[in-house]
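J.: Make a model of this:
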Amino acid sequence: MLKNENIICISTIDWDFLWQGHQEIMSTFVKNGNKVIFIENMGVRIPRIRDISRIRKRLSNYFRGVKGIRKEANNLYVFSPIVLPFPYSRIARMINKRILLSALEKWMKVMNFSDSIIWTFLPTGITLDIAENFNYKLLVYYCIDNLSASSFKARKIKATENKLLKKADLVFVTSQALYDMCSEYSKSVTFFPFGVSLDNFVNVREQDNYAIPEDLAKIKDPVIGYVGGIHKWIDFVLLKSLADKYPQYSFVFIGPIQTDVSGIEDKKNMFFLGNKNHKDLPYYINNFQVGIIPYIMSDYTKNVYPTKLNEYLSMGKPVIATGLPEIVMFNQRHSDVVYIGDNAEEFGQAIEKAIKEDSEFLKEKRVLISEQNSWETRIEEMSNLITKAIENKMLDNNVVWRDQLLLLYRATNRKIRKLVLAFFLFYTLFFYTPFVWFLGRPLKILQVPKKADCIVVFGGGVGESGRPAQGYEERVQYAVELYKLGYVKNILFSSGYMYVFEEPLIMKVLAVSLGVPESAILLESQARNTYENVIHSSNIVLKNGWKSILVVSSPYHMLRVKMVFDKNVRDLKVIYSPVPNSIFYLHNTKIFSKWINLRQVKGIIHEYLGILYYWRQGWI
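T.: Okay, here's the model as predicted:
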């Protein structure tokens, strides 16, 4: 059995959910002197409305600890992370990676938790991120379900699962179908079906007198019982037929309701007793006459090895199940100990037969079979494989360290050369060729000035230079030139920018100092962006009864201005007349001389991003 190891467990269920192999395995490791951090389920699909209770529970668990991490028992810590619930989004994965790794790194540093074994049930991208960012002794993937078949959205998990299978040092599976699937990508696959924790069940089975659970004591025999999650993989059509045909039987369900049961919950002989503590399950099962596994046949359930199978058998109870592949194979290994019924008639007949022929001999046979499938045996065998794999890995590392170090240096050198080359190409392309000016050419709209009712000048804010109070001067100067040439009799300055003073006021002062009378100047000081420049200035122009305007702004701003006017303004003739020779955008005309500076590149890119943003906002 493993001892004195640090284990990161990435789970597909929460710690306080229905007790399963996840909690059983990690609890056993903890009892044997290992330290475990149990990361609760981060999902394989986007949450739905029915998951609201689980989300509330996750929030509650998060605030129970420090940044989601709490101490559940000695050497057992549970991490309830709050992450973006989009397991197949690259952006969400990047954010979740940052959230998880940050919290884990800090906790591991405080706890001196290093050289860990990573044990995962979850094959999503976040597991790969954890494996790639922490040094670990061994990576173990316990594949207990074909998650890609669990829902339509979960099909996307296949890509990351295949990567995990190739990366994992050991792969454990619970069914033959999963063994076949995983063996395509890994040569280290071992068959380990879920077991049963015998001590708890044996203690109850051997008691002569004990109190029957109060809610079960009220239900008449014979009790046909089910233990586990009441989920969409249960054949409710089969159960409804059985309830109608056998009113003398009491069908009892122990476990959380995870799907709609409205079709059968109104049956008088159907009883849903809710979730129970794992330690109390033997008391319920011991009062079943029969344990059932009524699953539908699907791509998902053909991979399922039901945990409840060995729990029923450990209490000596007869088991009736639909013909799941793993049940059929279990029967082949254990002399047809499970009754099979693939439809309501066969299932009902199997129940009758099981009750009728039950005997002490059959009970002892079932108990002996369950003892062969105990968790103690399973975990011991798993531990032996893990210990051996760690030893082999350390031996391999000692033998090939020199070669690996050389390969690492060579790979690093290749990356550095590629980065240097990429930077050189990028720098040359953007700063020593006319590429950026070709890129900016579609942004420029330059029309010959014509007489109009008004010039509308959009303020520069921080302008193309990126510095306050430097964006408006050349625009005002150009507008004044057009005014003096007689193209207009009025000038409207539009800007909501303020740096010490409101920008429209400064623009007015400059225009007046250049010879424009105050009576010819109007101000608009509310606009916070180009869209509002257009809307607010157009309203002022139209209120004055003007029909045509000259618009002045920077040359590479004109396409966005025109797109906003085209989308939002009617009954107004617009002539686009940007500053013809903007100082900020001056550049050398000699081939292969330094064409532009970084702020000019940023200015052009900013315009393209602005157009994209305006399109998303519906402004253009």
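J.: Any idea how far apart the tips of stretch 326-346 sit?
T.: Using Cα to Cα, to the nearest Å, one end of stretch 326-346 lies 19 Å from the other.
J.: And the contacts of the helix or strand containing residue 54?
T.: Element membership of residue 54 [criterion: DSSP states H and E] is helix 52-64. Residues outside helix 52-64 that contact it (Cβ atoms under 8 Å, 6 or more residues apart in numbering): 14, 16, 40, 47, 68, 70, 78, 80, 81, 82. Quick note: C-beta positions are derived from backbone N, CA and C, even for glycine.
J.: Quick check: the fourth one is in a strand.
T.: No - if the criterion is DSSP: H, G, I helix; E, B strand; the rest coil, then residue 47 is coil and not within a strand.
J.: Contacts only, for residue 127.
T.: Neighbour list for residue 127: 10, 118, 120, 160, 164 [criterion: Cβ under 8 Å, 6+ apart].
J.: circling back: now the helix holding residue 54: buried residues?
T.: In terms of neighbour count (16 or more other Cβ atoms under 10 Å), helix 52-64 has its buried residues at 57, 58, 61, 62.
J.: And the residues you listed, which is closest to residue 340?
T.: Comparing those against residue 340 with Cβ to Cβ places residue 57 closest, at 37.1 Å.
J.: and the gap between the closest one and residue 11?
T.: Distance from residue 57 to residue 11, counting by Cβ to Cβ, to the nearest Å: 14 Å.
J.: Ok, residue 67 next?
T.: 18 Å.
J.: and what of residue 356?
T.: Distance of residue 356 to residue 11, given as Cβ to Cβ: 42 Å.
J.: more neighbours, the two?
T.: Here residue 356 and residue 11 are compared on neighbour count by other Cβ atoms under 10 Å; more neighbours surround residue 11, at 23 against 7.
J.: Now for the nearest residue to residue 259 once chain neighbours are set aside, how many residues are close by?
T.: Nearest residue to residue 259, sequence neighbours excluded (Cβ to Cβ, 6 or more residues apart in numbering): residue 232, at 4.6 Å. Here the count is done by other Cβ under 10 Å, and residue 232 has 14 residues near it.
J.: isn't residue 232 right up against residue 261?
T.: No - the criterion here is Cβ atoms under 8 Å, and residue 232 misses it with residue 261 at 10.4 Å.
J.: Next SSE downstream of the helix or strand containing residue 244?
T.: Using DSSP H and E, residue 244 sits within helix 236-245. Using DSSP H and E, the helix or strand that directly follows helix 236-245 along the chain is strand 250-254.
J.: helices or strands next to the next helix-or-strand element following that next one in the packing?
T.: Sequence-wise, the next helix or strand downstream of strand 250-254 (DSSP H and E) is strand 270-274. Under the contact definition 3 or more Cβ pairs under 8 Å, 6 or more residues apart in numbering; DSSP states H and E, strand 270-274 sits against strand 250-254.
J.: what's the spacing between the strand it packs on and its chain's center?
T.: Offset of strand 250-254 from its chain centre (Cα atoms, centre = their mean, to the nearest Å): 36 Å.
J.: Residue 38 belongs to a strand?
T.: Yes - under three-state DSSP, residue 38 sits within a strand.
J.: Pretty sure it sits against residue 77.
T.: Yes - applying Cβ under 8 Å as the test, residue 38 and residue 77 come out as touching, 6.9 Å apart.
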